[in-house]
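*Asks:* take this sequence and fold it.
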Amino acid sequence: MLIELDKPRLTAFRGNELKQALIDNMIYRLRLDHQYQKERLNRSKTQWGRYMGLHYALSQTDIDQRGAEIEKAQSKGVSRAFKRVAYRINTRQANTVDSVLSSVAKALDAEIHKLQAFLVEVEEPADPDDPDAEPIKHKDVFYGSAELANDPDASVYDIMARDLDRFVHDLKAEKGVKRLNQIVRTGEYQQFLDELGTPYYQQVLRTWQSKELVDIDYGKLWRLAKTAKPTSDKDLRALFIDDCDQWLERYRSRQVELATNGNPEFWDIFYDKDLDEMIKAYNKNKESYYNVETE
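*Replies:* Numbering: from 1, shown residues only. Next up, the predicted model:
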């Protein structure tokens, strides 16, 4: 990332159009929020994506649901091909959001604090002045930081965040996987989540990762915001789909090169049939891989 001195603009590396649009969108939104709302900049990765305007990849739940529908209507192979692309589009969106968030934070001298969010059931004591009153139960969200778990003033949520981080790290290693979504539906993960808050009399219903942007240099923000023009939803959608198209072509090339050890003489002999079918299915019905229409 570069900041041009003659005109104050944060420029995406190698002129990446998608990231440039997202950078401008985020800086534009940050300026508006500080000027009018001054809201707390603490969001999950999905929420940060929407903040920038990037929300076109299917969610993991949507992918699983559509995959099941495809398997029932067509075949397990077609369903597997669909998931193979859709999950990677989901990952590409998440990684792009992370990259832009980090670049903007660095340009504004801000820090990103990684937090663990806990949705818990809270029970408030009954009104002591009302003999018929019963405790009130409701859901609330609390945040913890694993980095603060060893501090004397650490909260129970900081400690739970540390314990969850350690468990996830160990379970990933045991299962031989890299992504969190590959273990969240396992029996081991669910059992751990059920037991996580027990020592602290907390019932954890759900967890997710959150990132908080703090200590922004608002002087730099004002200067960069002068040239940050937001990109429309339609144009941003086209940029994201084009980015995924290019990624898919690179992915296929890498897979072919791996299968042939880089020897062009074997490119027409050794190929991944499933990969070819996956790419054909994607190009034939591209809109089904996104949560919006492509036209």
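
*Asks:* pull up the pairing partners for the helix or strand in which Val204 is found, direction included.
*Replies:* Using DSSP states H and E, Val204 sits within strand 203-214. Paired neighbours of strand 203-214 in the sheet (DSSP bridges): strand 42-44 (antiparallel), strand 111-124 (antiparallel).

*Asks:* which residues touch Val177?
*Replies:* Val177 makes contacts with Ile183, as judged by CB atoms under 8 Å, 6 or more residues apart in numbering. C-beta coordinates here come from the backbone N, C-alpha and C atoms, glycine included.

*Asks:* oh, and call the first residue 38 from now on, that's how I've got it
*Replies:* Yep, numbering from 38; the last one is Val214 now.

*Asks:* tell me the SS of it?
*Replies:* coil (DSSP: H, G, I helix; E, B strand; the rest coil).

*Asks:* could you list the buried residues of stretch 262-277?
*Replies:* Under the neighbour-count criterion of 16 or more other CB atoms under 10 Å, stretch 262-277 has 262, 265, 267-268, 273-274, 276-277 buried.

*Asks:* among those residues, which are in strands?
*Replies:* Counting by DSSP state E, the buried residues of stretch 262-277 place none of their members in strands.

*Asks:* among those residues, which ones are in helices?
*Replies:* 262, 273-274, 276-277 (DSSP state H).

*Asks:* what would those residues look like in JSON lines with pLDDT and distance to Arg121?
*Replies:* Formatted as JSON lines, these follow (pLDDT from 0 to 100; distance: CB to CB, whole Å):
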{"residue": "Ala262", "pLDDT": "90", "distance to Arg121": "40"}
{"residue": "Leu273", "pLDDT": "95", "distance to Arg121": "25"}
{"residue": "Arg274", "pLDDT": "94", "distance to Arg121": "22"}
{"residue": "Leu276", "pLDDT": "96", "distance to Arg121": "23"}
{"residue": "Phe277", "pLDDT": "96", "distance to Arg121": "19"}
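
*Asks:* can you put those residues in JSON lines and add distance to Lys248?
*Replies:* JSON lines is the format used below for these (distance: CB to CB, whole Å):
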{"residue": "Ala262", "distance to Lys248": "21"}
{"residue": "Leu273", "distance to Lys248": "21"}
{"residue": "Arg274", "distance to Lys248": "24"}
{"residue": "Leu276", "distance to Lys248": "23"}
{"residue": "Phe277", "distance to Lys248": "21"}
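
*Asks:* state the pLDDT value of Val115.
*Replies:* Val115 carries a pLDDT value of 83.

*Asks:* please apply the same query to the one 5 residues further on.
*Replies:* For Lys120, the model assigns a pLDDT of 89.
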